[in-house]
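> following is a predicted model, sequence given first.
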Amino acid sequence: MEGNFSDQFVVVGANYKTYQVKVKKLTLRERITGKPIISIIVLGIIILGCVFAEQVYNHDPTSFYLENLNEPPGSEFYFGTDSLGRDIYSMIWYGGRVSILIGLLGMAIITVIGVVYGCLSGTANKEIDSIMMRIPELINSIPTLLLILLLTSIMGAQNILKISFVIGITGWCGLARIVRSEVRQIRSSEYVIAAKSMGGGFFHIMKKHLIPNFISTIMFVVVSSIGLSMSMESTLSFLGLGLPVDVVSWGSMLSLANKALLSNTWWVIIFPGIFLITTLVCITNIAYYFRKETNKRESYL
């Protein structure tokens with residue numbers, strides 16, 4: 001047969017009409033409505049400023065300007081100096097790298113442990129699953145801050161990796177329970193059973209069949225864990241159990257807050273606090289957006 005195959009047929013019928021589906025093009029305003037655009041922009045500016053800190057700061061953030069101790073904000077030191085004579089403006093951009101890195105490392109450790117443990121518990125039989133779920137409950141029965149303080153005191157002098165590790169191994173329990181609940185719902189699906197019958201190992205099934213089905217559900221917890229790790233590092237530094245003072249981070253800068261209150265040098269607290277709180281608020285807004293989108297998709301099912 002020559003020509004187009006559809007040309008060989010004629011559609012007949014009363015009042016036959018052809019219709020074309022019109023796809024509405026969304027305007028820019030409709031596309032960004034509901035999205036945390038401001039949070040993304042502000043967070044992006046802060047991250048870019050920290051990444052390219054050498055091009056942003058105007059003083060050496062690790063140097064001590066002893067002739068300018070506790071100097072208020074001015075034309076030379078934009079955010080003033082601390083009790084050690086360090087430029088706060090330069091320290092904020094330079095130290096933001098450490099705080100964000102701890103947030104990302106803590107998030108990675110929480111995600112890996114929570115996902116693997118949750119998948120193991122979700123695919124196990126009833127007895128093993130019951131035993132495995134008692135461990136997160138036991139960990140959660142101890143106040144998180146108290147547990148972190150205990151571990152940091154045992155591990156001795158702190159660094160970026162140690163703090164990230166301590167925060168990670170104490171913060172995975174909530175994510176593990178969510179993953180376990182999702183896996184219990186999909187473990188009897190045909191594609192999971194077929195993968196097992198064909199000899200697929202645990203990690204193959206987890207990577208190919210389990211994670212793709214609950215990744216959107218756990219995004220809220222994963223993104224929120226970045227802010228949780230950053231705030232916990234700041235808390236530890238404020239209590240004197242975090243990074244040493246010579247390692248510049250937003251948390252170590254806030255560790256001088258007690259001295260700042262006594263000497264009435266408000267700028268030592270205000271500026272690092274503003275950057276830390278702004279970053280945490282932006283991360284939280286983005287996390288809530290993922291949660292809202294997940295709930296919206298689940299309501300359609």
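Nice, I can see it.

> from here on, just use CA atoms for contacts and neighbour counts.
OK.

> ok, and for stretch 281-288, which residues are buried?
For stretch 281-288, the buried set under the neighbour-count rule, 16 or more other C-alpha atoms under 10 Å, comprises 282-288.

> from those residues, which is closest to L261?
Nearest to L261 out of the buried residues of stretch 281-288 is C282 (C-alpha to C-alpha; 27.5 Å).

> could you look up the SS state of that closest one?
helix (DSSP: H, G, I helix; E, B strand; the rest coil).

> tell me if I'm right that it and I40 touch.
Yes - using C-alpha atoms under 8 Å, C282 is in contact with I40, at 6.9 Å.

> so which residues of the stretch 201-301 of the chain form helices?
202-205, 211-238, 250-254, 257-263, 267-300 (DSSP state H, counting those that start in this stretch).

> and the angle from the second one to helix 267-300?
Meaning helix 211-238. Orientation of helix 211-238 against helix 267-300 (axes from the mean of the first three to the mean of the last three C-alpha atoms, to 10 degrees) gives an angle of 160 degrees.

> got any ranges where the chain has weak pLDDT?
Within the chain, the ranges that satisfy pLDDT under 70 run 1-33, 258, 297-301.

> which residues in it form strands?
Using DSSP state E, the chain contains no strands.

> pull the longest helix from it.
In the chain, ranked by residue count with DSSP state H as the criterion, the top helix is helix 88-123.

> buried residues, it. List them.
88-111, 113-123.

> who does it touch, helix- and strand-wise?
Helices and strands touching helix 88-123, by 3 or more C-alpha pairs under 8 Å, 6 or more residues apart in numbering; DSSP states H and E, are helix 37-51, helix 53-56, helix 126-140, helix 160-170, helix 173-186, helix 211-238, helix 250-254, helix 267-300.

> which one of those lies nearest to E71?
Of the helices and strands packed on helix 88-123, nearest to E71 by C-alpha to C-alpha is helix 267-300, at 9.3 Å.

> what comes up buried for the closest one?
For helix 267-300, by 16+ other C-alpha under 10 Å, it's 267-269, 271-273, 275-276, 278-280, 282-291, 293-294.

> just checking, what packs against it?
Using 3+ C-alpha pairs under 8 Å, 6+ apart, helix 267-300 is in contact with helix 37-51, helix 88-123, helix 211-238, helix 250-254, helix 257-263.

> rebuild these as TSV, extending it with distance to T62.
As requested, the helices and strands packed on helix 267-300 are exported to TSV (distance: least, C-alpha to C-alpha, whole Å):
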stretch	distance to T62
helix 37-51	15
helix 88-123	8
helix 211-238	18
helix 250-254	12
helix 257-263	19
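
> can you tell me which of those helices comes nearest to T152?
When the helices and strands packed on helix 267-300 are compared by C-alpha to C-alpha, helix 211-238 sits nearest T152, at 9.0 Å.

> what about that closest one, distance to the chain center?
4 Å (C-alpha atoms, centre = their mean, to the nearest Å).
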